[in-house]
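Participant: no FASTA, just this:
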């Protein structure tokens, strides 16, 4: 299937065949045509995001939301149907019918929302990258390489983001035979970035994670990883995931991939005490390689990892006590959750 290179094809199977989406514009590929649904109540950033992935350039988002569709029609899209708020446009594409399923698929991206100001996302509990084509990668040197494919006729390309205070004078990218590259030193965590091509700002269209840039566009989001979850064995398992307090125990959100005899996944985890356990085909499994475990109030055995600078809690005396626990905001003030060990005359527990 040949589609415009500005389009990202991450396809999520629709639960039904109908095209109905509340207050959000969408782009769908269905058999031999693209279907563009514009909800006139959608936000300008959402509309900008969808039009970019449809390869539609030079539109005035405000005019489109007010009903002026000339810039879309002039680029080969046919107005198919208009209801109260939703307008449908169709455009034929060349399709290999042997490789594409018959049901419609949604082409979409994930918008990240943090409490930080635009361009400087605030810390998040965890993060997993999502690319249609890998354009950001970690090098053995410890540097992070950003890659902008194509654009061979560009005179000047720059990389700008929160890591270089959104510079417009530095961040020059090096031209290669396949695109442009720039290697930077990143700290673990969430980072926002864009490319500047001949003075024009664009987000990374191969990166499926983005945030609103505070104007009418998007910033791309990249997570610099700092942790790897591993689970050996379970060679016959069909689905293995990891879940914890960092993702509200969502069992389907972070799947592990099988690499040889080990199930594993890389991700970013925020500093602090993290509780977690694996799920293997619906069954809970504590990490056999991690001896630090605690039982929650539901009786589940959770593995514990501590990331960041260690702080040791100590309590002197209480020689006759059978058990001593520590509670605080770090464990939501839960009693019988974190136990201290008796060392001589002192109860001790290393925590974050």
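Facilitator: Received the coordinates, thanks. Small disclaimer: the values here were computed from a predicted structure and weren't measured.
Participant: residue ranges in the chain under the pLDDT threshold?
Facilitator: For the chain, applying pLDDT under 70 flags the ranges 1-25, 29-32, 93-116, 309-311, 329-332, 336-337, 350-352.
Participant: how about the helices in this protein?
Facilitator: Listed in chain order, the helices found in the chain under DSSP state H are 44-53, 61-65, 70-73.
Participant: tell me the most buried of those helices?
Facilitator: By mean neighbour count, with neighbours taken as mean count of other C-beta atoms under 10 Å, helix 44-53 ranks first of the helices of the chain at a mean of 21. Using the backbone N, CA and C atoms, a C-beta is placed for each residue, glycine as well.
Participant: so which elements touch that one?
Facilitator: If you count contacts as 3 or more C-beta pairs under 8 Å, 6 or more residues apart in numbering; DSSP states H and E, helix 44-53 packs onto strand 26-30, strand 33-39, helix 61-65, strand 110-111, strand 218-224.
Participant: can you say which of the ones you listed is packed in most?
Facilitator: Stretch with highest mean neighbour count among the helices and strands packed on helix 44-53: strand 218-224 (a mean of 25; mean count of other C-beta under 10 Å).
Participant: now for it, which elements pack on it?
Facilitator: Short answer (3+ C-beta pairs under 8 Å, 6+ apart): strand 218-224 packs on helix 44-53, strand 189-197, strand 209-212, strand 262-269.
Participant: quick one: strands adjacent to the third one?
Facilitator: In other words, strand 209-212. Strand pairing for strand 209-212, using DSSP bridges, gives strand 110-111 (parallel), strand 218-224 (antiparallel).
Participant: so who does residue 44 touch?
Facilitator: Residue 44 sits next to 61-62, 65, 216 when contact means C-beta atoms under 8 Å, 6 or more residues apart in numbering.
Participant: circling back to that earlier point, closest to residue 298 out of the helices of the chain?
Facilitator: Of all the helices of the chain, helix 44-53 sits nearest to residue 298, with 38.7 Å by C-beta to C-beta.
Participant: could you tell me the angle between that closest one and strand 218-224?
Facilitator: Helix 44-53 and strand 218-224 are oriented at 80 degrees to each other (axes from the mean of the first three to the mean of the last three C-alpha atoms, to 10 degrees).
Participant: start and end of stretch 146-165, how far apart?
Facilitator: One end of stretch 146-165 to the other measures 16 Å (C-alpha to C-alpha, to the nearest Å).
Participant: now swap in stretch 141-156 and tell me
Facilitator: This stretch, stretch 141-156, spans 26 Å end to end (C-alpha to C-alpha).
Participant: same question, stretch 53-64
Facilitator: One end of stretch 53-64 to the other measures 16 Å (C-alpha to C-alpha).
Participant: burial count for residue 117?
Facilitator: For residue 117, the count of nearby residues is 9 (other C-beta atoms under 10 Å).
Participant: how far away is it from residue 302?
Facilitator: Residue 117 sits 35 Å away from residue 302, going by C-beta to C-beta, to the nearest Å.
Participant: quick revisit: which pair in the contacts of residue 44 spans the largest distance?
Facilitator: 65 and 216 (11.0 Å).
Participant: for the closest residue to residue 347 other than its chain neighbours, give its distance to residue 314.
Facilitator: Of all residues not flanking residue 347 in the chain, residue 340 sits nearest, at 3.9 Å (C-beta to C-beta, 6 or more residues apart in numbering). Residue 340 is 8 Å from residue 314, where distance means C-beta to C-beta.
Participant: what touches both of these two?
Facilitator: Looking at what touches both residue 340 and residue 314 (by C-beta under 8 Å, 6+ apart), the common residues are 347-348.
Participant: quick revisit: of all the helices of the chain, which one is nearest residue 199?
Facilitator: Nearest of the helices of the chain (C-beta to C-beta): helix 44-53, 17.9 Å.
Participant: ok now the closest one, how far from the chain's centre?
Facilitator: 18 Å (C-alpha atoms, centre = their mean, to the nearest Å).
Participant: can you check stretch 77-97 too?
Facilitator: From the chain centre to the centre of stretch 77-97 is a distance of 29 Å (C-alpha atoms, centre = their mean).
Participant: is the closest residue in space to residue 154 that isn't next to it in sequence in a bridge, and if so with what?
Facilitator: Of all residues not flanking residue 154 in the chain, residue 197 sits nearest, at 5.2 Å (C-beta to C-beta, 6+ apart). Residue 197 has these beta-bridge partners by DSSP bridges: residue 157, residue 200.
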